[in-house]
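Undergrad: could you look at this predicted model? Sequence included:
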Amino acid sequence: MLAGGGSERLGTDKTQVRIDGVTALDRVLTAVGDTPAGFEPAAAVLCIGAERPTAAPVRWVREDPPGSGPAAGLVAALGALDESADAVDVAVVLAGDLPMLSAPVLGRLLGAVPPPAQADGARLRDTGGRPQHLLGAYRVSALHDAAAQRPSWAGASMRALLAPMTLVDVAAHGAESLDLDTAGDIDTARRLVRTAAAERPDKGADVSDPDPLADWVHEVTGELDIDPGDVDVPLLLAVARDAAHAVVRPAAPVTTYLLGLAQGRRGGGTAELRSLAVRVDALLSVRTSPTPDPNPDPYPDLED
């Protein structure tokens, strides 16, 4: 996975954009981990770029110099593969921002790689007819031959690196090749992922006992790029209930908002939220405790 780009057009690290609560990079890694039918699991999974957290274990490799482009990154990955004890015949080269990637897509790519005498690999061609160099399966020997054409690939494009190779183009279906170059691409990916989730056959299992609040939280966290694990719904509901009873009903949403604001400013997760909730609960407890009588009756059991 090539994950070292600066994402100039988007203005943020597009591999870390969350689609339905999962980063784009983790979506790519999930597709890679779901071995396509008829193929063996990947011998090695390498990510090129500055190291970032991932849900699945990967080996991080840095292009030389850092930030010198996808071609330099791929050449660095070839060097890392050479250090592996296992010989690798075909390398699947992927961008780190392909939210619609799936194991069947990878299976089609791998299945389209011809024998060595016929071609050097296969790549996806999007619905507009554009070849997707960062969505391909290439013979490692052919990549080595291409990389040997220059002493350095810093600043070079993938198109230049792959130019000497004979490749088979595989037609993309729908949005399989969608990457996240713009805010519009992100919106499209989120819409497609939600639609696909709603149409899954196993979705019917939830119909008999729907949880609209859980569905809403799931939808909002995806839209706002929030980790669902940082949202403790029962805790927030308890704080909202106590604030409504101890202060006034509008205090419920205001208090939970202030909790979230404080959590975000501290960069904390669920543990930070719980710590903050304890402090708010202490304030609410003072309001709900009986107010001492400034002039208590010294003989409460005696009648007047």
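TA: Thanks, I have it.

Undergrad: all strands of this protein, in order?
TA: With DSSP state E, the ranges of strands along the chain come out as 18-19, 22-23, 46-48, 59-61, 90-94, 121-125, 131-139, 167-171.

Undergrad: relative to Leu273, which of the ones you listed is closest?
TA: strand 18-19 (18.2 Å; CB to CB). (C-beta placed from N, C-alpha, C; glycine too.)

Undergrad: show me what the closest one pairs with in its sheet, parallel or antiparallel.
TA: Each strand that pairs with strand 18-19, with its direction, by DSSP bridges: strand 22-23 (antiparallel).

Undergrad: mean confidence for the strand it pairs with?
TA: For strand 22-23, mean pLDDT is 88.

Undergrad: gap between that strand and the chain center?
TA: 2 Å (CA atoms, centre = their mean, to the nearest Å).

Undergrad: which residues are in contact with it?
TA: 15-17, 30, 55 (CB atoms under 8 Å, 6 or more residues apart in numbering).

Undergrad: for Pro99, list the residues it contacts.
TA: Pro99 neighbours (CB under 8 Å, 6+ apart): 19, 24, 27, 178, 180, 189, 193.

Undergrad: again with Asp187
TA: Contacts of Asp187 (CB under 8 Å, 6+ apart): none.

Undergrad: check it and give its pLDDT.
TA: pLDDT recorded at Asp187 is 87.

Undergrad: equivalent analysis for Ala271, please.
TA: pLDDT recorded at Ala271 is 79.

Undergrad: and Ser177, by the same measure?
TA: 95.

Undergrad: list the contacts of the closest residue to it other than its chain neighbours.
TA: Distance criterion CB to CB, 6 or more residues apart in numbering; nearest residue to Ser177, sequence neighbours excluded, is Asp126 at 4.3 Å. Neighbour list for Asp126: 132, 172, 177 [criterion: CB under 8 Å, 6+ apart].

Undergrad: compare those and tell me which is most surrounded.
TA: Neighbour counts for the contacts of Asp126 peak at Ser177, which has 24 neighbours (criterion: other CB atoms under 10 Å).

Undergrad: measure it to Thr23 for me?
TA: 19 Å (CB to CB, to the nearest Å).
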